[in-house]
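Undergrad: the following comprises the amino acid sequence and a computationally predicted model.
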Amino acid sequence: MNRRQFTQFAAVTAFLGGISASSAQSKETTAMAKPAPFRISIPQDQVADLKARLQRARWPVEPDGDNWERGIPGSYLRQLSDRWSAFDWARHEAAINRFDQVLFSYEQQDIHAFHVRSPEPGAVPLVLLHGWPSSGLEYLKIFDALANPVAHGGKASDAFHVIAPTMPGFGLSPAATTPGWSMGKVADATLALVSALGYERFAVHGTDMGAGVAGELDARAAGRVIGLHTGTDSDTAVAVASFMKDAALARTDLSEAQKADLAKRFAGMDNRNGYLAIKSSRPKTLGFALNDSPIGQLAWIAEKFAAWTDPDKALIEDAVDLDQFLAIASTYWFGGGGAGSAHAVWESFRAMGWAARTNTPKGVIAFNADDLTRPLLDPQKALSHWTSRSDGGHFPAMELPDVLVADLRTFFSNLRA
């Protein structure tokens, strides 16, 4: 496997916490400020500028009409743009600010995090780590149920104190102004944040890049993580296997029918991974375009939301709350999340190395799962907890929030002591 293939494989496999940076030592020795209370407040002139840019967009000629084969169709993107133009940011900003937030400085980099404390005295701290294209806003719909379970069909013993940071450059947290902000460094900052908030032992959940950060965090936390929970989907399982195609297709534990299905799905991986090739090689060039055009930014992330949510849902609004999606799009625009998150992928690809696995209990909930999902991600059935769902997709906290909450409660119920 050459260097490019290895870094691609490592980045995807890190979703399950199996790979982390070559150094798994905690870096909490850096002097850090105490987390400060924070509220989002976007100046009105920035909101007005966004609406003006949307209204004077230049739309390209499309030779294939409403076909999705070449990417998101202009007809659908215009609908999203019109909805975004009418989006009441002030109302949604107020709804976001209903939840307590902090701003934390680590090595001169500001990190935004939701910190939703439970009223229950026995609550366990739970770190929620997001992926791309997302932020801490991905988890808005589950904050209340996790922190106040009695009011949401659970028991007091299910309660969590919720910490949901946003990676630098993903909208809510400012873009990094210095190199080096890989998933490993994000894990260092997250561990420092958890400590600064006064928590010693804690639980962790992550999806997508957030699962990679979760694995890094666990490796650095020296036994402080009580359990590591991951949300994944069938496409991620195939993506992991696609970086070692020959080995996957030679496996003796897969049936011939499974191998044929896998080979067919491998053939479609280039379409899925094109965005990753760009961000991992030329984030700066891409970043200029995304940072200057809200239509470009919208198209870039909307196409992935449409592709990665439940395949039985035709459009974004069929799978998730469209206003929640537009809130994420808004913070990406206001916070430079297009360029910032692209650089974050570039950094993480170049910082990958092998690290020893930990003995921390690990659990997975797999959405849109099929008969290949677990064999590809957990062939020995070694994970202590595995839940398969035929529905859902890449953004479980937005698509099936109640299902995710229930699985988190179940997985951590026996680990709280």
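TA: That came through, no problem.
Undergrad: what segments of the stretch 101-250 of the chain are strands?
TA: For the stretch 101-250 of the chain, applying DSSP state E, counting those that start in this stretch gives strands covering 101-106, 109-116, 124-129, 160-165, 202-207, 225-233.
Undergrad: got the CA coordinates for the strand or helix carrying Leu276 in PDB?
TA: Using DSSP states H and E, the element containing Leu276 is helix 269-281. C-alpha atoms of helix 269-281 as PDB (Å, rounded to 0.1, in the frame of the first residue of the first chain):
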ATOM      1  CA  MET A 269     -16.700   4.400  -4.500                       C
ATOM      2  CA  ASP A 270     -14.900   6.900  -6.700                       C
ATOM      3  CA  ASN A 271     -18.100   8.900  -7.000                       C
ATOM      4  CA  ARG A 272     -18.500   8.800  -3.200                       C
ATOM      5  CA  ASN A 273     -14.900   9.700  -2.400                       C
ATOM      6  CA  GLY A 274     -14.200  12.400  -4.900                       C
ATOM      7  CA  TYR A 275     -14.800  15.100  -2.300                       C
ATOM      8  CA  LEU A 276     -12.300  13.400  -0.100                       C
ATOM      9  CA  ALA A 277      -9.600  13.400  -2.800                       C
ATOM     10  CA  ILE A 278     -10.000  17.100  -3.300                       C
ATOM     11  CA  LYS A 279     -10.000  18.100   0.400                       C
ATOM     12  CA  SER A 280      -7.100  15.800   1.300                       C
ATOM     13  CA  SER A 281      -5.000  17.200  -1.600                       C
END
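Undergrad: rewinding a little: now the strands of the stretch 101-250 of the chain in CSV, with mean pLDDT and mean neighbour count?
TA: C-betas here are computed from N, CA, C, even on glycine. Shown next, in CSV, are the strands of the stretch 101-250 of the chain (pLDDT from 0 to 100; neighbours: other C-beta atoms under 10 Å):
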stretch, mean pLDDT, mean neighbour count
strand 101-106, 97, 20
strand 109-116, 97, 22
strand 124-129, 98, 26
strand 160-165, 98, 27
strand 202-207, 97, 28
strand 225-233, 97, 25
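Undergrad: and Arg78, which of those is closest to it?
TA: Among those, the nearest to Arg78 by C-beta to C-beta is strand 225-233 (28.7 Å).
Undergrad: hang on, the earlier thing: can I get the strands of the stretch 101-250 of the chain in CSV with distance to Lys185?
TA: Shown next, in CSV, are these (distance: least, C-beta to C-beta, whole Å):
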stretch, distance to Lys185
strand 101-106, 9
strand 109-116, 9
strand 124-129, 14
strand 160-165, 13
strand 202-207, 16
strand 225-233, 18
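Undergrad: tell me which of the ones you listed lies nearest to Leu286.
TA: Comparing the strands of the stretch 101-250 of the chain under C-beta to C-beta, the one sitting nearest is strand 109-116, at 21.7 Å.
Undergrad: what strands line up against the closest one, and which way round?
TA: Applying DSSP bridges, strand 109-116 is found paired with strand 101-106 (antiparallel), strand 160-165 (antiparallel).
Undergrad: run the angle between the last one and strand 124-129 for me.
TA: So the one you mean is strand 160-165. Computed with axes from the mean of the first three to the mean of the last three C-alpha atoms, to 10 degrees, the direction of strand 160-165 lies at 30 degrees from that of strand 124-129.
Undergrad: who touches strand 160-165?
TA: With contact meaning C-beta atoms under 8 Å, 6 or more residues apart in numbering, strand 160-165 is reached by 104, 111-118, 123-130, 136, 139, 143, 146-147, 173, 189-190, 193-194, 197, 199, 202-203, 408, 412.
Undergrad: now that strand and strand 202-207, what's the angle there?
TA: Calculated by the same axes, to 10 degrees, strand 160-165 forms an angle of 50 degrees with strand 202-207.
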